[in-house]
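> Could you look at this predicted model? Sequence included:
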Amino acid sequence: MLADDSGNYLIKFHGFWFTPFFLQATEELLKHFKPLPNDVILASFPKTGTTWLKSLLYYIVNRSSIDQLTRSNPHKLVPQLELQVYGPHATSPPPFPSPDTSSSNRIFGTHLPYQIIGETVYTSDCRVVYVARNPKDTLVSMWHFVNTLEMFKTFPWPLEDFVDNFCKGHIAFGPYYDDVLGYHKESMERPKKFFFITYEELKRDPKTHVTKLAEFLGYPFDNEEQVEEVVRSSSIETLRNHEVNKSTDSFSFFEFPHNSYFRKGQVGDHKNYLTKDMINRIDTITREKFQGSILNHEEE
């Protein structure tokens, strides 16, 4: 057990760090969650594009309910397993994507690494989508996100301390690198079950990768116009402008305000915040951990 610089206690579980809240939910999930054959699970490390991917997945799978995202935050439509479905704030029955959604097309999110949830999904025919992001942009996005909490309004978490925690892996759901490597390995070995996508390549060419994602999920598009509509309607710019996502209200199950999920979404934003020494430190760790097996995050 250790305490991070925010004052929260972190507990190590199967090589990863959890707050007591998320560890309790994780243990419940591992005991009770049984994926259905047609379930879709979006896995991600925090602040790597989770909100965007939840929107994309929802649009792809529920095209007849495409207007739902104009009225509901993506995290309400695609519930987080270890937050909304299991744990202290879970609802019964679980909050499936929409009232008219049957059990044949459930979509869930999770921040659990494959090293922990792998046994649960291994024997199921469910499909898993994993989104990775440049560690430097991930770190900066996490730092901004955490500092939206009321407890940090007066004394924000110093960036240099956050960088140190991130690099050591001493952060909720960390280490980041082990999380990415776990899912990347599975996507290489079982590409029909695991779809690995990076935030950066999705930003560079959304239509191509959204088309591939739809085919992987078994919901291919009929024409290019459908692809363009999904890309446009689920873009960060579009989502940010919905009234529900401008709100400073927070969910009953999580204390972060709705608008904190839609900041910039830019590739390379870390350059506006990290010092040269911070960047060099992160790049060195990235080279050591990934060894060129993922992509060159130093270029972003």
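Right, received. Where do you want to start? Numbers count the residues shown, from 1 in each chain.

> what about stretch 214-228, start to end distance?
13 Å (Cα to Cα, to the nearest Å).

> typed the wrong thing, it's stretch 266-277
For stretch 266-277, the end-to-end distance is 22 Å (Cα to Cα).

> can you list the weak-confidence ranges in the stretch 101-250 of the chain?
Scanning the stretch 101-250 of the chain for pLDDT under 70 picks out the ranges 101-104, 150-151, 245-250.

> quick one, strands of it?
Taking DSSP state E, counting those that start in this stretch, the strands of the stretch 101-250 of the chain run over residues 107-110, 127-132, 194-198.

> So what touches the first one?
Strand 107-110 is contacted by residues 39-44, 50, 54, 57-58, 61, 75, 77-82, 85, 97, 117 when judged by Cβ atoms under 8 Å, 6 or more residues apart in numbering. Where you see a C-beta, it was placed from the backbone N, CA and C, and this is true even at glycine.

> same thing but at 6 Å, please
40-43, 54, 57, 78, 80-81, 97 (Cβ atoms under 6 Å, 6 or more residues apart in numbering).

> Helices - which of these land there?
54, 57 (DSSP state H).

> Could you check how many residues crowd around residue 225?
9 (other Cβ atoms under 10 Å).

> same question, residue 80
24.

> thinking again about what came up before, include distance to residue 238 and pLDDT when you put the contacts of strand 107-110 into CSV, please.
What follows is these, written out as CSV (distance: Cβ to Cβ, whole Å; pLDDT from 0 to 100):
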residue, distance to residue 238, pLDDT
40, 22, 97
41, 25, 97
42, 19, 98
43, 24, 98
54, 14, 94
57, 16, 96
78, 17, 92
80, 22, 92
81, 26, 95
97, 19, 46
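
> now, among the contacts of strand 107-110, which is nearest to residue 146?
Nearest to residue 146 among the contacts of strand 107-110 is residue 80, at 16.7 Å by Cβ to Cβ.

> Against residue 127, how distant is the closest residue to that closest one other than its chain neighbours?
Spatially, and ignoring its direct neighbours in sequence, residue 80 is nearest to residue 109 (4.6 Å; Cβ to Cβ, 6 or more residues apart in numbering). According to Cβ to Cβ, to the nearest Å, residue 109 and residue 127 sit 14 Å apart.
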